[in-house]
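**Q** based on what follows, work out the 3D shape:
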Amino acid sequence: MAVFAEEVNLSGYTTLRLGGPARRFVSAATEDEVIAAVRAADDVGEPVLVLGGGSNLVVSDAGFPGTVVHVATRGTLREADEGGRVIVRAQAGEEWDPFVARCVADGLSGVECLSGIPGRVGASPIQNVGAYGQDVGQTVVAVRAYDRERRTTVTLDHAACAFTYRHSAFKGSDRHVVLEVAFALREGEDSQPIAYPELARRLGVEPGARVPLKEARDAVLELRAGKGMVLDPADPDTRSAGSFFTNPILSQDGFAALEHRVHERLGPDAEPPRYAEKPGPDGEPRVKTSAAWLIDRAGFVRGHGAGAARISGKHTLALTNPGDGTTGDLLALAREVRDGVRDAFGVTLVNEPVLVGVTL
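**A** Predicted coordinates:
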């Protein structure tokens, strides 16, 4: 049965440990309870915030003036499929990293490089969660969701999810409430080809090689832990929302302008990282560069922060709340970093976490 409460402080439900009270809080353990809670709020015109693990949220100090539906559904189902694939269906409330661990233990590849990411399965397609050369858009084949406009349950196939870099058809819209995600994984002892150079170096292989699944998972966990990206109550650097800014994707002209600013500021031998990207809507090739590189070269080093919030001491992209800070403190730091990078290099960084009741 769903559990109802009022004035629940949301700081206890986010990895940043920030956020004020929710006017109404519903913990839903079944799909029917999730749908019923959302429908009830919609019926009276009350705002709804669907909450999973809280690992990608920045919530206002004032809290949320509506209903927070905490998705606590559980369950996975493995189905055989033709073509050497195995379909695994997971409820939205399943914890992400334990789900990845089970896939690895069961000899299923496709999500092993996404180990150690906090949060729940239901959030993974929204953000098109990715790391170390993998993202869920590579394996998600369907998302079952409650459509708040049609007031019915729908299934969106891979194409309808519209996955792009850290984005999907679900991001920026509250129309769909994710209920279940279906992944198509490959059965075997080895990982998918290792695409990320840093991970390949850690494993001692060339990019494109395959390694035993457990070795890939263990290496990713080690790399993430070294950057404060594996939750640890004893480590204040892990009190974050992960990477706070996405890597900028620029037009060819935009990247050329960035190179010019870099040469002016850092000298003719300095070069910003350049990663090939797919063509944009206009057909022009895009170039992805590194937000962390820009932040560091703009003068914001690890540990930077004069107030209660600071840049992680382990990873430039993570903004942390190591003590008793507020959302206001965190956003002040985020604005300082964003504005400093823009002033230095002419590139405006975009936040990766979802902002609730606040703006950057």
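**Q** for stretch 236-254, which positions count as buried?
**A** 236-250, 254 (16 or more other CB atoms under 10 Å). The C-beta positions use only the backbone N, C-alpha and C, and glycine is treated the same way.
**Q** wait, which of the residues you listed is closest to residue 49?
**A** Comparing the buried residues of stretch 236-254 against residue 49 with CB to CB places residue 241 closest, at 15.3 Å.
**Q** make sure the closest one is indeed in a helix.
**A** No: counting by DSSP: H, G, I helix; E, B strand; the rest coil, residue 241 falls outside a helix, being strand.
**Q** any idea how far it lies from residue 323?
**A** 16 Å (CB to CB, to the nearest Å).
**Q** do the same with residue 175
**A** 38 Å.
**Q** quick check: residue 220 vs residue 88, distance?
**A** From residue 220 to residue 88 the distance is 19 Å (CB to CB).
**Q** ok, the two, which is more surrounded?
**A** residue 220 (28 against 24; other CB atoms under 10 Å).
**Q** got a list of what the spatially closest residue to the more buried one that is not a sequence neighbour touches?
**A** Distances taken as CB to CB, 6 or more residues apart in numbering put residue 115 closest to residue 220, at 4.5 Å, once the chain neighbours are dropped. By CB atoms under 8 Å, 6 or more residues apart in numbering, the residues touching residue 115 are 97, 100-101, 104, 216-217, 220-221, 224.
**Q** pop the domain breakdown of this protein in here.
**A** 3-71, 76-226, 236-356 (automatic domain parsing).
**Q** what's the span of the last one, first residue to last?
**A** It stands for domain 236-356. 23 Å (CA to CA, to the nearest Å).
**Q** average pLDDT for it, rounded please.
**A** Mean pLDDT, computed over domain 236-356, is 94.
**Q** can you give me how far it is from the chain middle?
**A** Distance of domain 236-356 from its chain centroid, counting by CA atoms, centre = their mean, to the nearest Å, is 16 Å.
**Q** and what of the first one?
**A** Here domain 3-71 is found 19 Å from its chain centre; the criterion is CA atoms, centre = their mean.
**Q** buried residues in stretch 344-352?
**A** For stretch 344-352, a neighbour-count test (16+ other CB under 10 Å) marks 344-345, 347, 349, 351-352 as buried.
**Q** now stretch 158-175
**A** Applying 16+ other CB under 10 Å to stretch 158-175 flags 158, 161, 163, 166, 168-170 as buried.
**Q** which other residues reach it?
**A** Contacts of stretch 158-175 (CB under 8 Å, 6+ apart): 48, 50, 125-128, 130, 135-137, 140-143, 145, 147-149, 156, 176, 178, 246-247, 249, 277, 288, 352.
**Q** are any of the residues you listed buried, and which?
**A** Applying 16+ other CB under 10 Å to the contacts of stretch 158-175 flags 48, 50, 125-128, 130, 135-137, 140-143, 145, 148, 156, 176, 178, 246-247, 249, 277, 288, 352 as buried.
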